[in-house]
Structure formats: C-alpha cells, structure tokens
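Colleague: predicted structure and sequence below. I'll ask about it afterward.
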Amino acid sequence: MTAAAAPLAVPAGPALAVSEAVPTLAVEGLTKLYGQHAALDDVSLRFMPGEVHVLFGENGAGKSTLISMIAGANTPTSGTILMQGRPVEFESVRQARAAGVRAVFQEFSLVPDLTVAENITLGEEPVAGLRRLGLAGVLSKSAARAEARRLIDDLGFDLNPDARVCTLTRGKQQMVEICKAMRLRPDLLILDEPTASLSEHDSQALFALIRRLTAAGTAIIYVTHRMHEIPLIGTRLSVLRDGQFVATVPADTPEDRLIELMTGRSLAKIYPRPRADLGEVVLELSNVTLAPQVGAEPVRNASLTVRAGEIVGIAGLVGCGKGNLAQACFGLHRIVEGEMRLKGRPFRPRHPADAIRKGLWYSPADRKHDGLALELSAHRNMILSGLSFGPSRGEFLRPRRDELRLRDLVQMVDFDARRLSEPVGRFSGGNQQKILLGKALVQDVEVYVFDEPTVGVDIGACLSIYRCLAALSARGAAILVVSSNLPELMGLTHRMLVMSGGSLVAEFDRADYDEHKILEQFF
C-alpha cells in the first residue's frame, strides 16, 4: 500500500466512474455479536475507488458497528475484510490507518489542551535534526505548525493552528478531525455525519474536498441522516436495517423510496401539516443584546415573537449566535439590554429553574453533555425533573406509578416502553433524543425552545420528533426551533428568522419560503 504514504495533493476534476475493478475495500459476511444480539448480521459490501458510497439506516441499524470494524476500532465476530482484494485483519485503528483507511467519527478523538496543530499531527509528528547521527530526532513544533497551516489552507477551513482545541466550537473541532484524517491521502476515507456541526460554508468546502479525493481514486464511505446531501455527493447508497443488508441503490433514488427501504414501511410525507389557527403572542423578545461570549458572535438587538400553537424557526450558520439566543431564554446567557416577555409579563430568568417555573423549557443541542444523565435509566431521565416542576411536583420516585404516567408520553415520542429501565448511555442517538424530548414533555410548561432537535438522528427518529412537535403545536404550545438543517425548518415551521453575525437579519412566512433566498441571508 503506497497511497497512505503520499501527502495530500489531489487534482480537481470529475470523479472517476465506479467500475468492476478490484474494490478498494470489501466486506464479506461480516458479523458482530454482543451476546445473542447481532449488531451486524452477515453483511457483504464493496467500496470502489473513486466513489462516494453512502451508508443509510436508522440509529441501531448497524452502520456504526460496520464502520468501526473497517476502521480497526472493533473486531468482527466472523466474516472477512479485504483490502485491494487481499484479506486483512485490523486489530487497532493504527493498523487500519497504516493500510490506508482513515475515519472521522461523530465522537471526536481530540486532546482538548493541545493546539489545533498538535492535534492534527498527533501520533505522526514531524521530527528535526539528529538523523545524520543515527538518532531518532526530536519533535519539531514549528514543522508541525507549518504542516497544519498548509493543510488547513488546502482544505479551505477557518482554523487557527495555535488555538487550543478546548476553546473551539464543536463545528471547528469537527474541522480539526477532518484535517487529522486528511494529513495523508487515504485509500479509503470514512466520514460519519461529517456536516452535523459544520456551517454551510464549511460543508461546501468539505464537499469540494470529497470531489477532489474521488477524482484521485479515493473510496469514501459517507454516513449521513441529511437526505438532501445524498444526491449532491453520493454515487451509490446501501441501506442497513436491524443489522442486516437491505439493498444497494443509486444515490439519486427518490427520498420516499429511501425512507421505505430504511424503515420497511411506506411514508407519504416527512413533515406534518402545521396548525392553521394561532393564538396570542406567548413569548416576545424586544431588542435583546447578550453579554459577550468567548468564541461566539455577540448577539445584538434581537427581536422575535412566538404565538400559541406556532412553530418559529431560527436559521443561520454555525456560530452565528442563534444557539446563544435560545439559551438566553432559559437563563443560560445574561441579557444586558432589551426585554423578554412571557405571556405578556416581563421575563428574565437568572437560572433554568426560574424559566421552568414560569413555563418555559429549553432542550439543548448537545444531549450527551448538557441534556441527559447517561448512567441513569431512560425512566429516571424522563421523570426526575418533573418531580420538581411537572404535575407530579413534590412527589417521590415510584417506578410502577411513574411507568403508568410515562405510558402516553413514550407513545407520543415513539419510544419503546420496554426499555425504560435501561441506562441512557446504551441507546442510539435517535433514542437518546426521544428520551430528551420525553424529559421536556413531563414539565408543566407552555413554551418550548428546541436547539438542534434532530442533530445526529436518523430519519425514522426525525419523523417521530416532527410528529411530536406538531402535536405540541396542535395543543397550543409556543415552539421556537433553532436548527442548522434548513430543509427541516422549511418543512416544520410557520415562520422562519435568519441570524447572521449575531443579528436577526430576515424573516420569512411559510408561503414565501425559498431555499436560495433564505440562504442568501446567511452571509
């Protein structure tokens, strides 16, 4: 294998056609058992040079298990992995990388206290001097920084090589992970939800990189739940369901057919019809300015309203300030100027508990770090805060009684009630998001603020979440949704606001939604 030793230098041009040549990598009968449960069951696939092969399926379908074994992070129970037609056994990520396989996973593998440059070159650091004397040499920080700078510029990312990773937003940390994978051009590149935290600009830079790599013959495995991305960059798409292979189809297969293959059922439409009649204004922000935040755009003079039964969206690039504005409604960012009103009364929570008592709930974008206690059961995650703020306030945990109370709730979020006793950390991203949504529904509130409610969630779980938000709207709840997924906002909301550079710069009614016109306001 020679390609992995070559530096990143790939020509621009059209992608190579997928042929019947030897696959860059193939899996034959790949199976992974956990006890009696088959996370992956006898799957065979080929990944060809010059193609973007999309893996598609619900959370828990086996995608993560498959790519973890290809990347050397997991070992199969049975089956064979072939690289360039030859059987290989990857016992570690290092072995897979040495063979030309590189991966960018959803869960980052960065060292927070190191700089961007140090993280990019970690484990493959350049050395200087002493080689003439037959010694190994010493690490060269200047060479590492220069190499990182060249790579960042080549990829078109907005990164400072001297910044410590712990100071970066999640989107910029995602860019560092991509840079790490691209330091040496791989034969096979795995991208697992790579745009989930990227701005539109950086997503386009990534797509341009993908086109350059495929033009040079790199095979790419691309995992995404963002269906609009698939025909833009994909060549073929393989569907997994319950750990088994379902079908391989062209990447331009219609969305409704892909959803049918993924879920095993026909779906007429993705987004529920919004409620037509709306009530009085429930949440109002007038010229709100937030205290400055390190690494984020300062939010200035933001004004918006949300009516009873209305779903209002805030769109914008990652880092534009929309998430900070949502958090300010919950007392997580300090308001220095302007006014918030809830049900017609002045409202300025100093703590999330203040917001909940007044009738407002915020669901965070980072469910694992900010929203859920991963070691506790789904039942406890959903019910605990309701004992302080919900209809059950002042009571104690009583599992049998609580399960009866959760029965309707789990149906509303489409969660399997038989799994309420399992720790949240065992669940897929989609099920964790349903648990977080269930946690919101046990509160006694009238206003919901959802920050990136479907990030890293498969389309099946997205549909459950969309139906739940529509049901809340139908009951008269006022809902504010912050999302980087523009098609999602266009499908769900009554109105949409666009934030750019910390300011709300445009507003669109549903009848006037036009993707290109909305995107023009992002910059």
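Modeller: All right, it came through fine. Numbering: from 1, shown residues only.

Colleague: low-confidence ranges in the stretch 51-200 of the chain?
Modeller: 126-139 (pLDDT under 70).

Colleague: my bad, the chain
Modeller: 1-20, 126-139, 265-269, 294-296, 386-404.

Colleague: how does it divide into domains?
Modeller: Split into domains by automatic domain parsing, the chain comes to 3-11+22-263, 281-520.

Colleague: which one of the ones you listed lies closest to Pro272?
Modeller: domain 281-520 (3.7 Å; Cβ to Cβ). C-beta: built from backbone N, CA, C; applies to glycine.

Colleague: that older thread, and of the domains of the chain, who's closest to Ile270?
Modeller: Closest to Ile270 of these, according to Cβ to Cβ: domain 281-520, at 6.3 Å.

Colleague: for the closest one, measure first residue to last.
Modeller: 29 Å (Cα to Cα, to the nearest Å).

Colleague: gap between that domain and the chain center?
Modeller: In terms of Cα atoms, centre = their mean, to the nearest Å, the centre of domain 281-520 is found 16 Å from the chain centre.

Colleague: next: stretch 115-129.
Modeller: 28 Å.

Colleague: for it, list every residue counted as buried.
Modeller: 115-121, 125 (16 or more other Cβ atoms under 10 Å).

Colleague: and of those, the nearest to Glu147?
Modeller: Using Cβ to Cβ, the buried residues of stretch 115-129 come closest to Glu147 at Thr121, 6.3 Å.

Colleague: helices or strands up against the helix or strand containing Ala326?
Modeller: Element membership for Ala326 (DSSP states H and E) is helix 322-328. With contacts defined as 3 or more Cβ pairs under 8 Å, 6 or more residues apart in numbering; DSSP states H and E, the packing partners of helix 322-328 are strand 281-290, strand 311-315, strand 447-451, strand 478-482.

Colleague: and the next helix or strand past that helix?
Modeller: strand 335-342.

Colleague: for stretch 321-335, C-alpha coordinates in PDB please.
Modeller: Backbone C-alpha positions of stretch 321-335 (Å, rounded to 0.1, in the frame of the first residue of the first chain) are rendered in PDB as follows:
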ATOM      1  CA  GLY A 321     -25.400  33.300  17.700                       C
ATOM      2  CA  LYS A 322     -28.700  31.500  17.300                       C
ATOM      3  CA  GLY A 323     -27.900  28.900  19.900                       C
ATOM      4  CA  ASN A 324     -26.900  31.600  22.500                       C
ATOM      5  CA  LEU A 325     -30.100  33.400  21.900                       C
ATOM      6  CA  ALA A 326     -32.100  30.200  22.600                       C
ATOM      7  CA  GLN A 327     -30.100  29.600  25.800                       C
ATOM      8  CA  ALA A 328     -30.700  33.100  27.000                       C
ATOM      9  CA  CYS A 329     -34.500  32.300  27.000                       C
ATOM     10  CA  PHE A 330     -33.600  29.700  29.600                       C
ATOM     11  CA  GLY A 331     -31.300  31.800  31.800                       C
ATOM     12  CA  LEU A 332     -28.100  30.300  30.400                       C
ATOM     13  CA  HIS A 333     -26.800  33.600  28.900                       C
ATOM     14  CA  ARG A 334     -27.000  37.100  30.500                       C
ATOM     15  CA  ILE A 335     -29.200  39.700  28.800                       C
END
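
Colleague: that one: which residues count as buried?
Modeller: 321-333, 335.

Colleague: redo the residues you listed as CSV? Include distance to Asp514.
Modeller: Formatted as CSV, those follow (distance: Cβ to Cβ, whole Å):
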residue, distance to Asp514
Gly321, 23
Lys322, 20
Gly323, 25
Asn324, 27
Leu325, 24
Ala326, 25
Gln327, 29
Ala328, 29
Cys329, 28
Phe330, 32
Gly331, 36
Leu332, 33
His333, 31
Ile335, 33
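
Colleague: between these, which sits nearest Val176?
Modeller: Distance ranking of the buried residues of stretch 321-335 against Val176, using Cβ to Cβ, places Gly323 first at 19.8 Å.

Colleague: contacting residues for the closest one?
Modeller: Residues counted as contacts of Gly323 (Cβ atoms under 8 Å, 6 or more residues apart in numbering) are 365, 451-452, 482.

Colleague: got it, and Thr218?
Modeller: Under the criterion of Cβ under 8 Å, 6+ apart, the contact list for Thr218 reads 3, 10, 24, 49-50, 185-189.

Colleague: could you dump the domains of the chain to TSV with distance to Arg275?
Modeller: Listed next are the domains of the chain as TSV, based on distance: least, Cβ to Cβ, whole Å:
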stretch	distance to Arg275
domain 3-11+22-263	24
domain 281-520	5
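
Colleague: what's the spacing between stretch 257-264 and its chain's center?
Modeller: Using Cα atoms, centre = their mean, the offset of stretch 257-264 from its chain centre is 21 Å.

Colleague: which strand or helix spans Glu147?
Modeller: Using DSSP H and E, Glu147 falls in helix 141-155.

Colleague: show residues contacting that helix.
Modeller: With contact meaning Cβ under 8 Å, 6+ apart, helix 141-155 is reached by 8, 116-118, 120-121, 125-126, 128, 159, 161-162, 175, 178-179, 182-183, 205, 209.

Colleague: can you give me the strands in the stretch 351-500 of the chain?
Modeller: Assigned by DSSP state E, counting those that start in this stretch, the strands in the stretch 351-500 of the chain fall at 360-363, 447-451, 478-482, 495-500.

Colleague: packing partners for the shortest one?
Modeller: In this structure, strand 360-363 makes packing contacts with helix 352-358, helix 429-441, strand 447-451, judged by 3+ Cβ pairs under 8 Å, 6+ apart.
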